[in-house]
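> need a 3D model of the sequence below.
(chains A and B)
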Amino acid sequence: MRTRLLIPLAAAALTGALGAEIYLHPSWNAKARSDWVLCALPATYEIAVEGGRGGGRPSLHRQESEVVEAQLTAYVVHALRVKGWTVSDEAFQRRDMAEDKELLYFVSYLRERHATLAQRIMTSPSEMKAGQVSFGEPISELKPYTKADVLVFVHVEGFRYTAVRRILSFAGLTWRPIYLDPDVFRGPRVRIRVSFVETATGEVLCFLRPKGTGESGFLKDLDKLPRGAGSPNGRQPAGAPR
Amino acid sequence: MEIRAMTWGDLQSFVFRLRLRQPWVALATVMLTLWPVAHAAPRVQGRLYLHPTMKSGAKAPRVFVLLPPTAARTVSGTVRVLRTEDAADLSQQFTKLVVDAFAQNGWQIDRDSLAEQSVAGDAKLRNLVAFLRERHAQMVRELLSRPKDVTRGKFTFGPDVAELGARAPADALVLVHIDASTPPKLGLAWLAAGSFGTAIPGLKRVQWDKLGAPQISLVDAVSGDVLCFIRLGAHLPESPDALTRVLKQVPR
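Modelled structure (predicted):
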């Protein structure tokens, strides 16, 4: 009898522990529309590399980091499209913004602001659930550049180590930084944080913090995001890449 | 009992008996030998890399303006979130330490003109500061990988900086990036605990304020060239004089 009780309880606890954490703005259900046009900004990322004195240090060349940013963004855009969202092609990549410095600076500001807000949401989710987290007025400055209803901010946290690196770290030896393979982001030690921000008001409508890791974890957790009334809910729209 | 000198064969046989040919024994032996050596070595307080114009004395900035420091947060063994207030505290604490070190070297440093509160009202300036901070945080990765390229004058922020120089008059900008990473000892504890370390309450509270080895770049306010890159080996809050000592090496 006890076993019969314990197994479902343990399973429920495990599922709860592994499931996505979705923080929704109180007005999400009222505002969420299936025909929303989303626009993803270049992803920010943070990678910890095991080893060396004083902990790991990220080590990417600038060119590589731009590649990683573009790849991460493309990957999230693809995942959103697979799940039925309409995502515009405006990507605000650095090379696209090279001509327009004002836009480049503004996108930098927004990305930095998102990193701060993401920390705030993760440490005090109640603020998010109470609808108190917002980019504020400045986000409306992006309106001339995009027709999207919602901006998607992506922050990726990853961790990489090798067995050799771990042993050397244990021995207290400094280890030269390694150059990361962008594919590491699809690996098991990656956490993807996604925010949906309303372009008109700057309010963070949804913060998705999947507990599942890597590509499959993110795709699974994206399913749990409520879409509001009349949404296609996972149906692939015509023309979306597979 | 026969006494004779040790031959090469004897040594080989001794090593064989020690089972050093087995890889894990060999690895353990190397680790046990090198560990005390690595920890006994004197710790480098900081390294300074100078742009050719600084080294030759053609440029000698005297008036500086500080941008709000950026902080990366890495923990050996896992990725953790640095709480917003922690990041703000860390930024404030390092601002004070850096300003003090510059003042002790007789340099004038402006910490207020480009502070977050000061630029909040000016959207253009606010965005530019955010761009430069982000750019520096990315450039630090390159600077750490190839610091000697600073001495060849290869790193530059480009002419974007000039606009900032016009708003906050200074010879050079001071950009600070803090690696708020756990110290090695705590790293070992994390290592021992493995990924379950997060479940141990004692380890969960990482004292961020005691951490952080900053990387500091002095950037020409006109050309955007990285004039000087300082890679501090010591944790600044623990040894605040380390930066002062390193700054003394900058030619005037």
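
> chain B: helices as residue ranges?
Along chain B, the segments classed as helices by DSSP state H run B:8-17, B:23-40, B:52-56, B:84-104, B:116-119, B:123-145, B:148-151, B:160-167, B:184-193, B:201-204, B:241-247.

> residue A:67 is nearest to which of those?
Smallest distance to residue A:67 across those (CB to CB): 12.5 Å, for helix B:123-145. All C-beta atoms are positioned from the backbone trio N, CA, C, and that covers glycine.

> is stretch B:148-168 up against chain A anywhere?
Yes. Counting by CB under 8 Å from any CB of the partner chain, chain A is contacted by stretch B:148-168 at residue B:160.

> contact partners of that stretch?
Stretch B:148-168 is contacted by residues A:101, B:49-53, B:55, B:65, B:110, B:113-114, B:125, B:128-129, B:131-132, B:135-136, B:139, B:142-143, B:173, B:219-226, B:228-229 when judged by CB atoms under 8 Å, 6 or more residues apart in numbering or on different chains.

> circling back: present the helices of chain B as TSV; the columns should include mean pLDDT.
Shown next, in TSV, are the helices of chain B (pLDDT from 0 to 100):
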stretch	mean pLDDT
helix B:8-17	76
helix B:23-40	75
helix B:52-56	91
helix B:84-104	83
helix B:116-119	86
helix B:123-145	86
helix B:148-151	91
helix B:160-167	81
helix B:184-193	49
helix B:201-204	38
helix B:241-247	86
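
> can I get these in TSV with distance to residue A:145 and mean neighbour count?
As requested, the helices of chain B are exported to TSV (distance: least, CB to CB, whole Å; neighbours: other CB atoms under 10 Å in any protein chain shown):
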stretch	distance to residue A:145	mean neighbour count
helix B:8-17	69	10
helix B:23-40	52	12
helix B:52-56	39	16
helix B:84-104	28	18
helix B:116-119	22	15
helix B:123-145	13	21
helix B:148-151	35	16
helix B:160-167	19	17
helix B:184-193	43	17
helix B:201-204	42	11
helix B:241-247	41	19
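
> could you dump these to JSON lines with distance to residue A:112?
Compiled in JSON lines, those are given as follows (distance: least, CB to CB, whole Å):
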{"stretch": "helix B:8-17", "distance to residue A:112": "57"}
{"stretch": "helix B:23-40", "distance to residue A:112": "37"}
{"stretch": "helix B:52-56", "distance to residue A:112": "29"}
{"stretch": "helix B:84-104", "distance to residue A:112": "11"}
{"stretch": "helix B:116-119", "distance to residue A:112": "10"}
{"stretch": "helix B:123-145", "distance to residue A:112": "5"}
{"stretch": "helix B:148-151", "distance to residue A:112": "25"}
{"stretch": "helix B:160-167", "distance to residue A:112": "16"}
{"stretch": "helix B:184-193", "distance to residue A:112": "28"}
{"stretch": "helix B:201-204", "distance to residue A:112": "27"}
{"stretch": "helix B:241-247", "distance to residue A:112": "25"}
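
> of all those helices, which one is nearest residue A:202?
Across the helices of chain B, closest to residue A:202 is helix B:123-145 (CB to CB), at 13.6 Å.

> name the single longest helix found in chain A.
helix A:101-123.

> check what pLDDT the residue lying closest to residue A:98 once chain neighbours are set aside gets.
With CB to CB, 6 or more residues apart in numbering or on different chains as the criterion, residue A:98 has its nearest non-adjacent residue at 7.3 Å, and that residue is residue A:104. pLDDT, residue A:104: 88.

> hmm, residue A:104 is touching residue A:94, no?
Yes. Look at residue A:104 against residue A:94 with CB atoms under 8 Å: they come within range, at 7.0 Å.

> between these two, which is the more surrounded one?
A side-by-side neighbour count of residue A:104 and residue A:94, using other CB atoms under 10 Å in any protein chain shown, places residue A:104 first with 20 against 16.

> that older thread, so after the longest helix of chain A, what's the next helix or strand?
Next helix or strand after helix A:101-123 toward the C-terminus (DSSP states H and E): helix A:125-129.

> what does that following helix rub up against?
So helix A:125-129 is contacted by A:21, A:23, A:24, A:25, A:26, A:120, A:121, A:133, A:204, A:207 (CB under 8 Å, 6+ apart).

> closest to residue B:119 out of these?
So of these, ranked by how close each gets to residue B:119 (CB to CB), first place is residue A:120, at 20.1 Å.

> hmm, back to that, neighbour-wise, which of the contacts of helix A:125-129 leads?
residue A:204 (27 neighbours).

> quick check: the gap between that one and chain B.
14 Å (CB to the nearest CB, to the nearest Å).

> confirm that that residue sits in a strand.
Yes. Counting by DSSP: H, G, I helix; E, B strand; the rest coil, residue A:204 falls inside a strand.

> OK, contacts around it?
A:25, A:117, A:121, A:128, A:133, A:134, A:135, A:195, A:196, A:197.

> let's see it at 7 Å
A:25, A:117, A:128, A:133, A:134, A:195, A:197 (CB atoms under 7 Å, 6 or more residues apart in numbering or on different chains).

> now residue B:50
B:151, B:228.

> bridged to it, which residues?
Under DSSP bridges, the beta-bridge partners of residue B:50 are residue B:228.

> got TSV for the contacts of helix A:125-129, with distance to residue B:35 too?
Output for the contacts of helix A:125-129, formatted as TSV (distance: CB to CB, whole Å):
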residue	distance to residue B:35
A:21	41
A:23	45
A:24	50
A:25	52
A:26	55
A:120	41
A:121	42
A:133	47
A:204	48
A:207	44
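
> tell me which of those has the lowest pLDDT.
residue A:21 (79).

> quickly list what that residue is bridged to.
The partner residues for residue A:21, given DSSP bridges, come to residue A:209.

> is it in contact with residue A:207, as I believe?
No. When contacts are counted by CB atoms under 7 Å, residue A:21 is not listed as touching residue A:207 (8.3 Å).

> before we move on, the earlier item: identify the residues contacting the residue nearest to residue A:98.
A:94, A:97, B:131.

> what's the domain layout of chain B?
B:8-38, B:46-247 (automatic domain parsing).

> mind listing the strands for chain A?
According to DSSP state E, chain A carries its strands in the segments A:21-24, A:37-40, A:44-49, A:86-87, A:150-160, A:190-198, A:204-209.

> okay then, goodbye and thanks.
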